[in-house]
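*Asks:* sequence and computational prediction follow.
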Amino acid sequence: MKSGSNLEKVLEAGHFSVTAECGPPRGADPEHVRKKAAFVKDNVDACNVTDNQTSVVRMSSLAGCLLVKESGVEPLIQMVVRDRNRIALQSDLLGASAMGVRNLLCLSGDHQKFGDDPQAKNVFDIDSMQLINLARRMRDEGVFPSGDKLEGAPKFYIGCAVNPFADPYEIRVPRLKLKIEAGADFVQTQCIYNMDTFKRYMEDTKKEGLHEKVKILAGVTPLKSAGMAKFMNKFVAGIDIPEEVIKRVADEPKEKQAAKGIEICIEQIGELKEMEGIAGVHVMAIEWEEKLNEIIGGAGLLPRPVVE
Amino acid sequence: MITGTPKPIEEILEMVEPYDNIIVAGCHGCVTVCRVGGHKEVEVLSSTLRLARESGGSKIEINELSLERQCDPEYVETLRPLIDDYQAVLSIACGAGIQFLAEKFSKTPILPGINTGFLGVTERQGEWSERCQGCGDCVLHLTGGICPVTRCAKQLFHGPCGGSTAGKCEIDQNVQCGWQLIIDRLKALDQMDNYLKLKPYKGWDSSRDGGPRRIIREDMI
Amino acid sequence: MLPCTGRIEESLLLKAFENGADGVMVIGCLEGDCHYVSGNIRARERVKRVYSILDQIKIGPERIRMYNLSAGEGAKFAAFANEFVEQIMELGPSPINIVRAKTAQKAPEEETL
């Protein structure tokens, strides 16, 4: 075992795994996280805690992870390279590991332009590819990038994100290959709505044998309404929601659109479960954590396996 | 060249408010080419200030002049014989020129008339765009001649990020994705193998992060 | 002597105001008819920039205007000139001339004191 995390154990044992995410609050109230964690508990193998997503200031990911952990859910810390230089990143990796956080997701982070401090200075000292590599070297070689020996190596199951729907398509698979080479153990994808594009991506991934080198967790996000679908499709870079999906939700009367969104999400998980090379799903029920049980249960993925 | 944009007239008027006898100093270097700090701009700015001040009831005398370059000591020195006759200098050179004047003439306030921009190129008349951040460690040979530090909004060395759509950057539809440009160019050069390599962490110590920089060419001293 | 409105610099237009003009009328050839291809188009852009400067320093942007005429349109020229003069008369002297007039009035008084 590289990290001994629950997520790693479940995946290594060959189970179809489930992760979800919790966005920490826009404030210091720990109850907010505990409430969300209660919805997540027993439904997933690990729960991502986002790191100032879309550059909107929130409680730190590390603090969120600890609160989630206290609530009996295994945390997965998201770490963006936008706000911290390599000194702070290394330090946070050590701190997170010391506090028992065993799963890590390395990200670039949305540009600060989208957040509430668009005038902030961005850091991007190293990029997400290099953060993966940094964490891997610290874990496996027990050294800092400077070569100095660590007093106790951080233990992380290291993840990266991929977006099969971003441009240019042709470098999507080579880029994943590079991330695996850098040290990624698992992948969580951007929300998938366009199954045709995703299947093509998976075919190309399998041709390179990458699905055997890395655990691929397919990302899904239930649509709450047709309005949300249209908004995401239009304004969120790298999100591709086909017309027919939007139509299925839009054809329902307003009060039934959410239920339709959940139904589609469950269907999608069903389809992903059958796809070769998919090791699990990452359910991003954005500010809708209370529906996780319904979605994951509906997809026949409960109870979650216990691997010792 | 070094580019810039004029400061708002209102801001300049506020800056020169305490003075009634100043020099407006242009520069024949980069800022002339990008039409923000050459002699034509000195004339227009001086007229504008005189008109504004006189119609507001407080006249200002202005000596309009331009130096060959405000960043070279021999040209800066040409100001020395007259500097004491004026209360301040409003420089419309780049930040380097403005500071060099301030350094050489310690008793005269030197005021900035422009906001210095970036190292860039002329796309067409009236449009300039950034190309170089002067990071001190060029990798253009590996990236198809397109700079990831400058052209990628996140300065990624393994781009593009998930925010690249149809060749555009997520921050603005008018900004091209630097990494799309790099990839297109690497393909055209048949150098995609460069893309597929893990790049070492960039040493930012050769950039501004290492503190104010200096170049010493022993062979020239 | 200006061979073409394309030779007019912004500084020249501003100088006219410094020299006491209450209004400046720029008359160029008809667009598309420039002997130097785009002289009058350049002039139009420069007039626009001066317009914006006059606006910012509260001299009044309406004190400058560009017209396009051919050499054979004498009557039209007269009409434009009358129209512009009327507009400036309505606006009255430029703020700078008002200040100058006041100072000129004050000066002799001070002398007599």
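*Replies:* Alright, I've got the coordinates.

*Asks:* what segments of the stretch 51-200 of chain A are strands?
*Replies:* A:75-80, A:103-107, A:157-162, A:186-191 (DSSP state E, counting those that start in this stretch).

*Asks:* near chain B, which residues of chain C?
*Replies:* Residues of chain C lying close to chain B (C-beta under 8 Å from any C-beta of the partner chain) are C:9-11, C:14-15, C:17-18, C:53, C:56-59, C:94-96, C:98-100. (Glycine included, C-beta is placed from N, CA and C.)

*Asks:* show me which of the residues you listed are buried.
*Replies:* Neighbour counting with 16 or more other C-beta atoms under 10 Å in any protein chain shown marks C:10-11, C:14-15, C:17, C:53, C:57, C:59, C:94-96, C:99-100 as buried within these.

*Asks:* after the helix or strand harbouring B:Val24, next one along is what?
*Replies:* Per DSSP states H and E: B:Val24 is located in strand B:21-27. Sequence order places helix B:30-33 as the next helix or strand after strand B:21-27, per DSSP H and E.

*Asks:* can you pull out the helices in chain A?
*Replies:* A:6-12, A:30-40, A:61-70, A:86-98, A:128-141, A:172-182, A:195-207, A:226-235, A:243-250, A:257-274, A:292-298 (DSSP state H).

*Asks:* now chain A against chain C: closest residue?
*Replies:* Nearest residue of chain A to chain C, counting by C-beta to the nearest C-beta: A:Gln119, 25.4 Å away.

*Asks:* how many neighbours does that residue have?
*Replies:* By the criterion of other C-beta atoms under 10 Å in any protein chain shown, A:Gln119 has 6 neighbours.

*Asks:* sorry, back to before: what mean pLDDT does the strand holding B:Val24 have?
*Replies:* Per-residue pLDDT over strand B:21-27 has a mean of 98.

*Asks:* same check on stretch B:117-127?
*Replies:* Rounded mean pLDDT across stretch B:117-127 is 96.

*Asks:* what of stretch C:79-94?
*Replies:* Per-residue scores along stretch C:79-94 average to 96.

*Asks:* cool, and stretch B:202-209?
*Replies:* The model assigns stretch B:202-209 a mean pLDDT of 95.

*Asks:* what residues are up against residue 54?
*Replies:* Picking chain A for this. Applying C-beta atoms under 8 Å, 6 or more residues apart in numbering or on different chains to A:Thr54 gives the contacts A:Asp110, A:Phe114, A:Gly115.

*Asks:* hmm, no, I was thinking of chain C.
*Replies:* C:Leu54 touches C:Phe17, C:Gly60, C:Pro61, C:Arg63, C:Ile64, counting by C-beta under 8 Å, 6+ apart.

*Asks:* identify those among these that sit within strands.
*Replies:* C:Ile64 (DSSP state E).

*Asks:* now, which of the contacts of C:Leu54 sits nearest B:Lys187?
*Replies:* C:Pro61 (51.4 Å; C-beta to C-beta).

*Asks:* and the helices in chain B?
*Replies:* B:9-16, B:30-33, B:39-55, B:73-76, B:80-83, B:95-104, B:148-151, B:178-188, B:192-195.

*Asks:* of all those, which lies closest to A:Glu255?
*Replies:* Once these are compared by C-beta to C-beta, helix B:178-188 is nearest, at 42.5 Å.

*Asks:* can you give me the helices for chain C?
*Replies:* C:10-18, C:39-56, C:74-91, C:95-112.

*Asks:* return the most buried member of those helices.
*Replies:* Of all those, helix C:10-18 carries the top mean neighbour count, a mean of 20, counting by mean count of other C-beta atoms under 10 Å in any protein chain shown.

*Asks:* any idea how far that helix is from the chain center?
*Replies:* 8 Å (C-alpha atoms, centre = their mean, to the nearest Å).

*Asks:* who touches the residue nearest in space to the middle of chain C in this structure?
*Replies:* By C-alpha atoms, centre = their mean, chain C has its centre lying nearest to C:Val24, at 1.2 Å. C:Val24 makes contact with C:Leu13, C:Ala16, C:Phe17, C:Arg63, C:Ile64, C:Arg65, according to C-beta under 8 Å, 6+ apart.

*Asks:* model confidence for it, exactly?
*Replies:* 97.

*Asks:* check the one 10 residues further on too.
*Replies:* According to the prediction, C:Cys34 has pLDDT 92.

*Asks:* give me the pLDDT value at the residue lying closest to it once chain neighbours are set aside.
*Replies:* Closest residue to C:Cys34 apart from its sequence neighbours, by C-beta to C-beta, 6 or more residues apart in numbering or on different chains: C:Asn40 at 4.8 Å. C:Asn40 is assigned 95 on the pLDDT scale.

*Asks:* and what of C:Thr103?
*Replies:* 89.

*Asks:* how close does it sit to A:Met99?
*Replies:* Noted for C:Thr103: a distance of 76 Å to A:Met99, by C-beta to C-beta, to the nearest Å.

*Asks:* same question, C:Pro61
*Replies:* 64 Å.

*Asks:* and if you look at B:Met192?
*Replies:* 42 Å.

*Asks:* same check on A:Gly115?
*Replies:* From A:Gly115 across to A:Met99, the span is 26 Å (C-beta to C-beta).

*Asks:* so between those two, which is more surrounded?
*Replies:* A:Gly115 (18 against 14).

*Asks:* need the pLDDT of that one.
*Replies:* 93.

*Asks:* same check, this time on the one 3 residues further on
*Replies:* As predicted, A:Pro118 sits at a pLDDT of 96.

*Asks:* tell me which residues touch it, please.
*Replies:* Here A:Pro118 is in contact with A:Ser55, A:Gln112 (C-beta under 8 Å, 6+ apart).

*Asks:* spatially nearest residue to the residue in chain C that chain A sits nearest to, not counting backbone neighbours?
*Replies:* Nearest to chain A in chain C, going by C-beta to the nearest C-beta, is C:Gln56, at a distance of 25.4 Å. Distances taken as C-beta to C-beta, 6+ apart put B:Ile9 closest to C:Gln56, at 4.9 Å, once the chain neighbours are dropped.

*Asks:* shouldn't the one you found be in contact with C:Ile57?
*Replies:* Yes. Counting by C-beta atoms under 8 Å, B:Ile9 does reach C:Ile57; the two are 6.3 Å apart.

*Asks:* which neighbours do the two share?
*Replies:* Counting by C-beta under 8 Å, 6+ apart, the residues touching both B:Ile9 and C:Ile57 are B:Thr48, B:Ala52.

*Asks:* and the pLDDT at the nearest residue to B:Thr143 once chain neighbours are set aside?
*Replies:* Excluding the flanking residues, the one nearest B:Thr143 by C-beta to C-beta, 6+ apart is B:Ile182, at 4.9 Å. Turning to B:Ile182, the model gives it a pLDDT of 97.

*Asks:* list the contacts of B:Ile182.
*Replies:* Listed by C-beta under 8 Å, 6+ apart, the contact set of B:Ile182 reads B:Thr143, B:Gly144, B:Ile146, B:Pro148, B:Arg151, B:Gly159, B:Tyr195.

*Asks:* pull the number of nearby residues for the spatially closest residue to the fifth one that is not a sequence neighbour.
*Replies:* In this case it means B:Arg151. Leaving aside its sequence neighbours, B:Arg151 sits nearest to B:Gly178 (C-beta to C-beta, 6+ apart; 2.9 Å). Residues lying near B:Gly178 (other C-beta under 10 Å) number 24.

*Asks:* check contacts around B:Gly178.
*Replies:* B:Ile146, B:Cys147, B:Pro148, B:Thr150, B:Arg151, B:Cys152, B:Ala153, B:Gly159, B:Pro160, B:Cys169.

*Asks:* the fifth one touches B:Gln180, doesn't it?
*Replies:* If I follow you right, that is B:Arg151. No. Using C-beta under 8 Å, B:Arg151 is not in contact with B:Gln180; the gap is 9.7 Å.

*Asks:* what are the structural domain limits within chain B?
*Replies:* Annotated domains of chain B cover B:2-118, B:136-200 [automatic domain parsing].

*Asks:* scan the contacts of C:Leu54 and report the most crowded one.
*Replies:* Per-residue neighbour counts (other C-beta under 10 Å) across these peak at C:Phe17, which has 28 neighbours.
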